[in-house]
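Undergrad: I would like to see how this sequence folds:
(chains A and B)
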Number of protein chains: 2
Amino acid sequence: MAKFLTSREENYSQWYNDLVVKAGLAENSAVRGCMVIKPYGYAIWEKMQHQLDQMFKDTGHCNAYFPLLIPKSFFSKEADHVEGFAKECAVVTHYRLKNDPNGGGVVVDPAAKLEEEYIIRPTSETIIWNTYKNWIQSYRDLPILCNQWANVMRWEMRTRMFLRTAEFLWQEGHTAHATKEEAIEEANKMIRVYAEFAEKWMAMPVIMGHKSETERFAGALDTLTIEAMMQDGKALQAGTSHFLGQNFAKAFDVQYTTKEGKQEYVWATSWGVSTRLMGALIMSHSDDNGLVLPPKLAPLQVAIVPIYKSMEGLERIRQAISGVIEKLRKAGITVQFDDRDTQKPGWKFADYELKGVPVRLAMGERDLENGTIEVARRDTLTKETLPLEGIELHIEQLLDEIQENIYKLALERRSKRITKVDSYEEFKTLLDTKGGFFLCHWDGTPETEELIKNETKATIRCIPFDAPEEEGKCMVTGKPSHRRVLIARAY
Amino acid sequence: MAKFLTSREENYSQWYNDLVVKAGLAENSAVRGCMVIKPYGYAIWEKMQHQLDQMFKDTGHCNAYFPLLIPKSFFSKEADHVEGFAKECAVVTHYRLKNDPNGGGVVVDPAAKLEEEYIIRPTSETIIWNTYKNWIQSYRDLPILCNQWANVMRWEMRTRMFLRTAEFLWQEGHTAHATKEEAIEEANKMIRVYAEFAEKWMAMPVIMGHKSETERFAGALDTLTIEAMMQDGKALQAGTSHFLGQNFAKAFDVQYTTKEGKQEYVWATSWGVSTRLMGALIMSHSDDNGLVLPPKLAPLQVAIVPIYKSMEGLERIRQAISGVIEKLRKAGITVQFDDRDTQKPGWKFADYELKGVPVRLAMGERDLENGTIEVARRDTLTKETLPLEGIELHIEQLLDEIQENIYKLALERRSKRITKVDSYEEFKTLLDTKGGFFLCHWDGTPETEELIKNETKATIRCIPFDAPEEEGKCMVTGKPSHRRVLIARAY
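TA: Numbering: from 1, shown residues only, chains lettered A, B, ... in the order given. Next comes the predicted model:
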């Protein structure tokens, strides 16, 4: 079989880049740090979007759309937010070009300078809370449960396709509530929606928890996260949900009249996932032959390759398989009968492997005689020859099985690489030799967190929801700790 | 009934603005010329998107995503394109803010000036053809049939919500073909997709035709358009499809190897519709009571208002209607049982009228006794009391009937206001007294077109596909003409 990719062992990072490009997911563009999401990559993102959107609607949210540009002054209104977001960002200063008087194409027209600059949104809390101010007068106007699908921009210095790009696509939920309890409940509900999506759809196990104070979203009182382990043992933050307290309501003066007639500031949450999930999906399951996609997110679930010597042979195969194709489509499965005569079967097999198509069927002229068909699984790379009769039911079950299996494999990989460590020396050694996630006691101070980060490049990923209470001593300072936190190097 | 709106007769323009705001479709934002699309407006746009996306996929297109920012120099590469697009646009010149040393919030960091400025895309031909260059080597790589759902920005001086905003949402199809014929066929196919969507989904009759040379898209050899008549008689360009020839292929040096081994420039099309369709939808059907939505695009198709004196009465109504609700939902109809106790039935009736919900049911305690229900149609504002038994089938049919009826009404309105005129004097008089569309002979010159525009503010909307060959004389110059063109004042 043709090998398209650098192997993971040889160079994990290069393997990832190769895969993104060669599987037709994305490529770098002429714009610094911005990618082009190619049709196959976008088709996977669309499937993610579709399911997430349904889950948001099922939990009572609706979509809306807010401006791309944000007046510069808005960022200064929330003190922490400006520190976190308003720095590395694209700034619009002018609104017109003109012909270069020296004939060199077009130049910025200095007469068209904006009085106040606009920032391309790096996130939309400020413009949205400035809008919510007009939507909220009374407790009757609450809650507001809005989501936005949008592009955002952060001027990142080092970019990698899907994982960290200057422009990326995401959804950002922004909700407004009458009480603190309701907002906290919302933030919790949405991190659980993300976890469910990650586990059931992406087949990617995640650990839910609270971010440390240092790692919180700029302007949040609490940031909840889902953390996934990639195949190289590094962590990837796959989604976050923030309890924003009354910070944005105070910054934009959003108050409501309670049932009792009092004026109160509104409570807020925000939560988002982005095209970063594409990177997480790729690095969770794929192998040296290419992508491995969970059937629930695969744009093409079943590819059928006819192996024939003559056009008449092709037609006989087509006829033999047509009933199966119809039944699979009726069951909501996407199927493609690949009768291209420009490529040989072996090339097609390798290409479907590269693209991560979960099930590949092949039918030759001998299969026709025997009433059989070859069924190949992408996840295990195994094949078997089975009776054609009733194969559609087998395939339906097989897709479910693959979905479960790749989740199980990812979970097993993770289990092997979560280590409880009590000594900082051991931690440093194992971090380099074994890698993965570490459960350690930490004294809860930003100073110790900073020290660990500076010395090891590992960060506190989260304080897991399910971390049991356990008396221990910080592995660095020996100070008391009441539960273990999750530490890892991360993307 | 409460009147929320300025009447159309009193002030059509104010009626439109009132309606957009009061029906909760959109509102102006803190960013000049940019609107916030509110949840109800966005829900309609989502329904449009969903159907259009399906139609694009059914015609073989797939989605992709290209960068928001375009290097300034790209615009200079296609001579006509730069004239049409690169002038009034948002220019990104810097990539960082910093704290104001004088303590005044944040300021643009002069050290973070970009070497080459970026333009926020007003349309994406240039960045896409720069990308296609890498995708196309051989005839085997063609055709490329991509679409993008995106936000774009044009720094318009006078803006109106949905109709003309600085930022708007749209889709832009960009296709690449081996032959001229295939590209022309694609451009034709897509304007027909738009026409079908406008007529069957928006219930909005449209006239398909070619734009005059002056009105063509910047860089196109031919622009096809669908033109709709609004209730005030003005035209609205609702969608365009462009045959771009080899202009962009030449500008970005995109050649392919033919089967015969020759190098040829690639042929291109592009086509788009935008949130402007929301404005068209509103102005096609709505009345002084509010929106009138075609059932196929109504986020809520059936609203049920219980009229009760006691909680026990409400429960009895709820029970009586629950089977109907279930059956309607099974038939794919969106239904809401409005048991809010914060509002009176009369207020709810008016609100559903304002929001354009196609069918409103009301059930009171007397209906319970009689086994009846009141059915109100939004399009005709008529009501009738009908037996509850089997009402779901009646409602299904009624939704189809409303869809057809509002199309028919729009078509009738248009028919009454399309006038054939042969004298320029008569044209000018009728334009002011009767308004609407005019079919006139024109000598085909940009000079005459310009004169008509300057003297009357009417423009040549299109040369209709179905304009019969007919010898005549230009109404302005008397020069020969072979078919009538469509002239109107336009949005």
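Undergrad: helix, strand, or coil at A:Ile304?
TA: strand (DSSP: H, G, I helix; E, B strand; the rest coil).
Undergrad: what bridges to it?
TA: On the basis of DSSP bridges, A:Ile304 is bridged to A:Phe337, A:Leu361.
Undergrad: pLDDT score assigned to it?
TA: On pLDDT, A:Ile304 comes in at 98.
Undergrad: and for the one 4 residues further on?
TA: What the model reports for A:Tyr308 is a pLDDT of 95.
Undergrad: and for A:Phe349?
TA: As predicted, A:Phe349 sits at a pLDDT of 97.
Undergrad: that one against A:Arg360, yeah?
TA: Yes - counting by C-beta atoms under 8 Å, A:Phe349 touches A:Arg360, with 6.6 Å between them. Where you see a C-beta, it was placed from the backbone N, CA and C, and this is true even at glycine.
Undergrad: and for these two, which residues touch both?
TA: A:305, A:376 (C-beta atoms under 8 Å, 6 or more residues apart in numbering or on different chains).
Undergrad: need the contact list for whichever residue of the stretch 151-300 of chain A sits closest to chain B.
TA: Closest residue of the stretch 151-300 of chain A to chain B, C-beta to the nearest C-beta: A:Trp155 (4.4 Å). Under the criterion of C-beta under 8 Å, 6+ apart, the neighbours of A:Trp155 are A:33, A:88-90, A:166, B:95-96.
Undergrad: strands of the stretch 251-400 of chain A, start to end?
TA: In the stretch 251-400 of chain A, the segments counted as strands under DSSP state E, counting those that start in this stretch are A:255-257, A:263-265, A:267-274, A:302-306, A:335-337, A:359-363, A:372-377, A:383-387.
Undergrad: can you add mean neighbour count and give these back as JSON lines?
TA: Converted to JSON lines, those look like this (neighbours: other C-beta atoms under 10 Å in any protein chain shown):
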{"stretch": "strand A:255-257", "mean neighbour count": "17"}
{"stretch": "strand A:263-265", "mean neighbour count": "13"}
{"stretch": "strand A:267-274", "mean neighbour count": "25"}
{"stretch": "strand A:302-306", "mean neighbour count": "25"}
{"stretch": "strand A:335-337", "mean neighbour count": "18"}
{"stretch": "strand A:359-363", "mean neighbour count": "23"}
{"stretch": "strand A:372-377", "mean neighbour count": "19"}
{"stretch": "strand A:383-387", "mean neighbour count": "13"}
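Undergrad: of those, which is nearest B:Val193?
TA: Checking the strands of the stretch 251-400 of chain A against B:Val193 by C-beta to C-beta gives strand A:335-337 as the closest, at 23.5 Å.
Undergrad: which helices and strands sit right next to the helix ranked longest in chain A?
TA: Ranked by residue count, the top helix of chain A under DSSP state H comes out as helix A:391-416. Judged by 3 or more C-beta pairs under 8 Å, 6 or more residues apart in numbering or on different chains; DSSP states H and E, helix A:391-416 is in contact with strand A:222-229, helix A:276-285, helix A:311-330, strand A:359-363, strand A:372-377.
Undergrad: angle of that helix against strand A:372-377?
TA: Relative orientation of helix A:391-416 versus strand A:372-377 (axes from the mean of the first three to the mean of the last three C-alpha atoms, to 10 degrees): 20 degrees.
Undergrad: quick check: mean pLDDT of helix A:391-416?
TA: Rounded mean pLDDT across helix A:391-416 is 98.
Undergrad: sorry, back to before: A:Glu264: which of the contacts of A:Trp155 is nearest?
TA: Checking those against A:Glu264 with C-beta to C-beta, the nearest one is A:Cys89 at 32.4 Å.
Undergrad: tell me which element that closest one is part of?
TA: Using DSSP states H and E, the element containing A:Cys89 is strand A:88-94.
Undergrad: contacting residues around the strand or helix carrying A:Ala43?
TA: Assigned by DSSP H and E, A:Ala43 belongs to helix A:39-58. The contact list for helix A:39-58 (C-beta under 8 Å, 6+ apart) reads A:20, A:23-26, A:37, A:63, A:147, A:149, A:169, A:171, A:173, A:193, A:196-197, A:201-202, A:273, A:275, A:277-278, A:281, A:293, A:296-299, A:355, B:62-65, B:146.
Undergrad: just the buried residues from those, in PyMOL please.
TA: Applied in PyMOL, the following selects the buried portion of those according to 16 or more other C-beta atoms under 10 Å in any protein chain shown:
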select buried, (chain A and resi 20+23+24+25+26+37+63+147+149+169+171+173+193+197+201+202+273+275+277+278+281+293+296+297+298+299+355) or (chain B and resi 62+63+64+65+146)
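Undergrad: just the ones of the contacts of helix A:39-58 in helices?
TA: A:20, A:193, A:196, A:277-278, A:281, A:355.
Undergrad: now the stretch 301-450 of chain A against chain B: closest residue?
TA: Closest point on the stretch 301-450 of chain A to chain B, by C-beta to the nearest C-beta, is A:Thr342, at 6.5 Å.
Undergrad: how about the nearest residue to A:Thr240, chain neighbours excluded?
TA: Nearest residue to A:Thr240, sequence neighbours excluded (C-beta to C-beta, 6 or more residues apart in numbering or on different chains): A:Thr225, at 5.0 Å.
Undergrad: contacts for the helix or strand of chain A with the lowest mean pLDDT?
TA: None of the helices or strands of chain A scores lower by mean pLDDT, DSSP states H and E than helix A:79-85, at a mean of 74. Contacts to helix A:79-85, defined as C-beta under 8 Å, 6+ apart, come from residues A:75-76, A:122-123, A:125-126, A:154, A:217-219, A:247-248, A:251, B:105-106.
Undergrad: so how far is it off the chain centroid?
TA: In this view, helix A:79-85 has its centroid 24 Å away from the chain centroid, taken as C-alpha atoms, centre = their mean, to the nearest Å.
Undergrad: do stretch A:43-53 as well
TA: That offset, for stretch A:43-53, works out to 11 Å (C-alpha atoms, centre = their mean).
Undergrad: what of stretch A:478-491?
TA: A distance of 24 Å separates the centroid of the chain from that of stretch A:478-491, by C-alpha atoms, centre = their mean.
Undergrad: isn't the residue of the stretch 301-450 of chain A closest to chain B up against B:Asp141?
TA: No - assessed by C-beta under 8 Å, A:Thr342 is found out of contact with B:Asp141, at 11.4 Å.
Undergrad: what sits in contact with each of these two?
TA: Counting by C-beta under 8 Å, 6+ apart, nothing touches both A:Thr342 and B:Asp141.
Undergrad: who's more crowded, these two?
TA: For A:Thr342 versus B:Asp141, the count of surrounding residues by other C-beta atoms under 10 Å in any protein chain shown is larger for B:Asp141: 15 against 6.
Undergrad: enumerate every residue touching the more buried one.
TA: Each residue near B:Asp141 by C-beta under 8 Å, 6+ apart is listed here: B:135, B:256.
Undergrad: what residues does the stretch 301-450 of chain A put near chain B?
TA: Contact residues (C-beta under 8 Å from any C-beta of the partner chain) of the stretch 301-450 of chain A with chain B: A:Thr342.
Undergrad: which residues of the stretch 301-450 of chain A score low on pLDDT?
TA: Along the stretch 301-450 of chain A, segments meeting pLDDT under 70 are nowhere present.
Undergrad: pull the most distant pair out of the ones in helices among the contacts of helix A:39-58.
TA: A:Val193 and A:Lys355 (28.5 Å).
Undergrad: OK, contacts around the spatially most central residue of chain A?
TA: With distances taken as C-alpha atoms, centre = their mean, A:Leu277 lies nearest the centre of chain A, 1.5 Å away. Each residue near A:Leu277 by C-beta under 8 Å, 6+ apart is listed here: A:48, A:198, A:202, A:238-239.
Undergrad: nearest to A:Glu264 among those?
TA: Scanning those for proximity to A:Glu264, where the rule is C-beta to C-beta, the winner is A:Gly239, at 29.7 Å.
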